[in-house]
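Colleague: After the sequence you'll find the predicted model.
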Amino acid sequence: MEITGTVTTARAAGLIACRRCTTVWPAGTATCGRCGHAIASRDQLSLQKVWAWWIVGVVCYVPANVLPMLQTRTLGMVENNTIIGGAAQLADHGNWGVAIVILVASVMIPIGKFAVIAALAISVRHGSGMSQLRRQHLFELVEYIGRWSMIDVFVVALLSSLVQLGALAAVAPGPASLYFAMSVVFTMLSAQSFDSRMIWDPDTIVSRADRLRRLPGQPG
Amino acid sequence: MSQSAPIIPGPDPADLIACPRCDALYRVSEPARGERAVCARCHTVLIAPRRGAGLQLIAVALTVVILVISATIFPFLTIRVGNAWHSSSILGAALSFHGGPFVFLALAVAALIVFVPVLRALLMLYVLIPLVWDRPPATGARRAFRLSEDLRPWSMAEVFAIGCAVALVKVADLADVDFGPAFWMFAVLVVLVVAQDTFMCRYSVWKSLER
Ligand SMILES: [Zn+2]
Ligand SMILES: [Zn+2]
């Protein structure tokens, strides 16, 4: 499917494309004349923003897993459950299906997102063995899946508002819900900051390779 | 059906478009209704006009506004254990976060599941109604459409709906659950919100706003 040889990019043609409405403008234009979106041939700060959001996202993800997500009171007993603890308890009760859904949604997907965003950001600078199309699809997947991680926060909200049966049973949100929500939001912002056009730019990687090749010899 | 043709740039950028994902440049050749123009190298859909899409989108947006407002008023879910029972509304779910920093979470959850979906629907009505009836675009229509597009990832009604399913499985052992009318309204709403985003050809909207 790779037909990069025949494709001209807006950048190669000396034009700046608007990522919001697909129009192209002469070099030097700062704002899209059709939709008013700020445009740049490539966002120079893109990778820095990606990493900044990525780091806060990872930092928030730690307390999200260590602190309790849900506090359950049943007949005078108080129980604090972390995400993984809650899933383990469900599995204990034989609810394997739900336990697996929760583990996938709140553990595997967030960690997978961190890994993919980091790998894409690194690949832009250092090249990658993976095809550009494959990396583009990975990026689209991360962008699409990002919002779905909010499920956990919504489940905590629903349970806490629904299970209010006085002394019989009451559920309250734990501090992890706050950190989990922040981690999801920051990871979404990190993915949104990534300029996917960089995946398709050959020159960032080539210039790096050139520099590396020139290093041992004379400076060029 | 898909069609795409890489081009050599001419002097006038007015009839050129670039793929927002990979920057590939194309000369615009508008596909017939029902067909799509797809980026040749990254397969992003660039143009996908559909007959009557404007009217459908207006109908969907109107229904979304009505459904969200009534879904927040009517009872949503009720649980029973013996004589004890408790019901919750959709806003009640958001407001279950209270005290200290949880207030921000409550506001964020309310925004994600109620306010952002409604705001997006209202913005779409504002943008599309003049276009569909062949009037000049409303003042600030471009800004409104831009805001609606910015808000797209933050409209999470459908995520909340799946969250309901997970929560219900968790509660099912503990108590009986009654579904209020708001629950079914919300279920319909989710289908509509998803439809809203698949019907819309952003290229066509931007182009009509240019007049
Ligand atoms: Zn634009
Ligand atoms: Zn493309």
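Modeller: Everything's here; your move. Ligands and ions are numbered 1, 2, ... in the order given.

Colleague: Every contact and neighbour count from this point should use C-alpha atoms.
Modeller: OK.

Colleague: Helices of chain A, residue ranges please.
Modeller: Along chain A, counting by DSSP state H, helices occupy A:46-66, A:83-92, A:96-103, A:109-126, A:132-145, A:151-162, A:175-193, A:197-200, A:202-214.

Colleague: what's the most buried one of these?
Modeller: Highest mean neighbour count among these (mean count of other Cα atoms under 10 Å in any protein chain shown): helix A:151-162, with a mean of 26.

Colleague: Report the beta-bridge partners for residue A:23.
Modeller: Beta-bridge partners for residue A:23, by DSSP bridges, are residue B:17.

Colleague: okay but it is in contact with residue B:16, surely?
Modeller: Yes - if you go by Cα atoms under 8 Å, residue A:23 and residue B:16 touch, sitting 6.7 Å apart.

Colleague: Looking at the two, which is more packed in?
Modeller: More crowded of residue A:23 and residue B:16, by other Cα atoms under 10 Å in any protein chain shown: residue A:23, with 26 against 21.

Colleague: Can you give me the domain assignment for chain A?
Modeller: Domain ranges of chain A: A:1-41, A:45-209, per automatic domain parsing.

Colleague: Pick out the shakiest of those, pLDDT-wise.
Modeller: The minimum mean pLDDT among those belongs to domain A:1-41 (a mean of 82).

Colleague: can you pull out the strands in chain B?
Modeller: B:2-3, B:16-18, B:25-27, B:36-38, B:45-47, B:77-81, B:84-88, B:176-179 (DSSP state E).

Colleague: What lies in contact with stretch B:194-204?
Modeller: Residues outside stretch B:194-204 that contact it (Cα atoms under 8 Å, 6 or more residues apart in numbering or on different chains) are A:21-22, B:46-50, B:53-54, B:57, B:60-61, B:158.

Colleague: Helices along chain B, start to end?
Modeller: B:53-73, B:90-95, B:102-110, B:116-132, B:141-151, B:157-172, B:181-199, B:202-209.

Colleague: closest to residue A:174 out of these?
Modeller: helix B:102-110 (9.6 Å; Cα to Cα).

Colleague: how about that closest one: buried residues?
Modeller: Residues B:102-103, B:105-110 are the ones in helix B:102-110 that count as buried (16 or more other Cα atoms under 10 Å in any protein chain shown).

Colleague: I'd like the helices of chain A laid out as a markdown table, including distance to residue B:73.
Modeller: Shown next, in a markdown table, are the helices of chain A (distance: least, Cα to Cα, whole Å):
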| stretch | distance to residue B:73 |
| --- | --- |
| helix A:46-66 | 32 |
| helix A:83-92 | 32 |
| helix A:96-103 | 30 |
| helix A:109-126 | 34 |
| helix A:132-145 | 30 |
| helix A:151-162 | 15 |
| helix A:175-193 | 26 |
| helix A:197-200 | 45 |
| helix A:202-214 | 54 |
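
Colleague: got the contact list for the most centrally placed residue in chain A?
Modeller: In chain A, the residue lying closest to the centroid (Cα atoms, centre = their mean) is residue A:187, at 3.9 Å. Applying Cα under 8 Å, 6+ apart, we find residue A:187 in contact with A:53-54, A:57, A:113-114, A:146.

Colleague: Distance to residue B:167 added to those, as CSV?
Modeller: Shown next, in CSV, are the contacts of residue A:187 (distance: Cα to Cα, whole Å):
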residue, distance to residue B:167
A:53, 30
A:54, 29
A:57, 25
A:113, 24
A:114, 26
A:146, 20
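
Colleague: Give me the distance between the residue of chain A found nearest ligand 2 and chain B.
Modeller: Nearest residue of chain A to ligand 2: residue A:197, at 8.3 Å (Cα to the ion). As judged by Cα to the nearest Cα, to the nearest Å, residue A:197 and chain B stand 4 Å apart.

Colleague: Can you report how many residues neighbour the nearest residue to residue B:114 once chain neighbours are set aside?
Modeller: Once flanking residues are discounted, residue B:114 sits nearest to residue B:68: 6.7 Å by Cα to Cα, 6 or more residues apart in numbering or on different chains. For residue B:68, the neighbour count with other Cα under 10 Å is 21.

Colleague: Check the one 3 residues further on too.
Modeller: Using other Cα under 10 Å, the number of residues around residue B:71 comes to 24.

Colleague: and if you look at the one 4 residues further on?
Modeller: If you count neighbours by other Cα under 10 Å, residue B:75 ends up with 19.

Colleague: Tell me who's in contact with it.
Modeller: Contacts of residue B:75 (Cα under 8 Å, 6+ apart): B:87-89, B:180-183.

Colleague: With residue B:87 instead?
Modeller: For residue B:87, the contacting residues are A:162, B:75-79, by Cα under 8 Å, 6+ apart.

Colleague: I figured residue B:92 hits residue A:161, correct?
Modeller: Yes - at 6.1 Å, residue B:92 and residue A:161 qualify as touching, with contact defined as Cα under 8 Å.
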